[in-house]
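Undergrad: The sequence isn't on hand, but the structure is:
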């Protein structure tokens, strides 16, 4: 009896978490799509303050959406609330490490790329937007589509893992 109710409760959590992850992937796809015009600009294009500011906001939003999804997994699946001063980096490392309850979600290579987005996010939140330069933003924008594809794939694989555990 205990095993059955635990399994049912586990499936409920998994189903709810799967919905949240898939919704988050959809939201991330929208952010990625909205970045399209900025991604299409050549790195040597003459851009103004509006494009630079838009790129900053979009890159910040892009990484924040990814981090939000990883935080939900950490909290709801792993049962961990990260709170150290380095929790953002710790979160990426946690998601790249298999646990007793799940395989690694992120590859080491994806963590390296996501770390670049995280570094930008920290810079953006702490520095004046007037100091941002297109030459520094453009390479990160160029990585957004590939990063989206790899992140969405990794998260979908995790959802499929959850679904097979619930069957």
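TA: Ah, there it is. Just so you know, these numbers come straight off a predicted model, no measurement behind them. Numbers count the residues shown, from 1 in each chain.

Undergrad: Quick check: buried residues in the strand or helix carrying residue 51?
TA: Assessed by DSSP states H and E, residue 51 sits inside helix 49-76. Judged by neighbour count using 16 or more other C-beta atoms under 10 Å, the buried positions of helix 49-76 are 51-52, 54-56, 58-63, 65-67, 69-71, 73-74. For every residue, glycine as well, the C-beta is placed using N, CA and C.

Undergrad: on contacts alone, who are the packing partners of that helix?
TA: helix 2-34, helix 36-40, helix 87-95, helix 108-126, helix 134-166 (3 or more C-beta pairs under 8 Å, 6 or more residues apart in numbering; DSSP states H and E).

Undergrad: and the fourth one with helix 134-166, angle?
TA: Here helix 108-126 points in a direction 130 degrees away from that of helix 134-166 (axes from the mean of the first three to the mean of the last three C-alpha atoms, to 10 degrees).

Undergrad: Just give the closest residue to the residue positioned nearest the centre of the chain, not the sequence neighbours.
TA: Nearest to the geometric centre of the chain sits residue 66, at 1.7 Å (C-alpha atoms, centre = their mean). In space, and not counting its chain neighbours, residue 66 is closest to residue 151: 5.6 Å by C-beta to C-beta, 6 or more residues apart in numbering.

Undergrad: Was I right to think that neighbour contacts residue 28?
TA: Yes - the pair residue 151 / residue 28 is scored as a contact, 7.2 Å apart, by C-beta atoms under 8 Å.

Undergrad: Identify the contacts common to the two.
TA: Residues within reach of residue 151 and of residue 28 at once, by C-beta atoms under 8 Å, 6 or more residues apart in numbering, are residue 66.

Undergrad: Neighbours of the closest residue to residue 53 other than its chain neighbours, how many?
TA: With C-beta to C-beta, 6+ apart as the criterion, residue 53 has its nearest non-adjacent residue at 5.9 Å, and that residue is residue 129. Counted by other C-beta atoms under 10 Å, the residues lying close to residue 129 total 11.

Undergrad: next one: phi and psi at residue 129?
TA: phi -60, psi -20 (degrees, to the nearest 10).

Undergrad: now the one 3 residues further on
TA: Residue 132 has phi and psi values of phi -70, psi 140 when expressed as degrees, to the nearest 10.

Undergrad: gap between it and residue 55?
TA: 8 Å (C-beta to C-beta, to the nearest Å).
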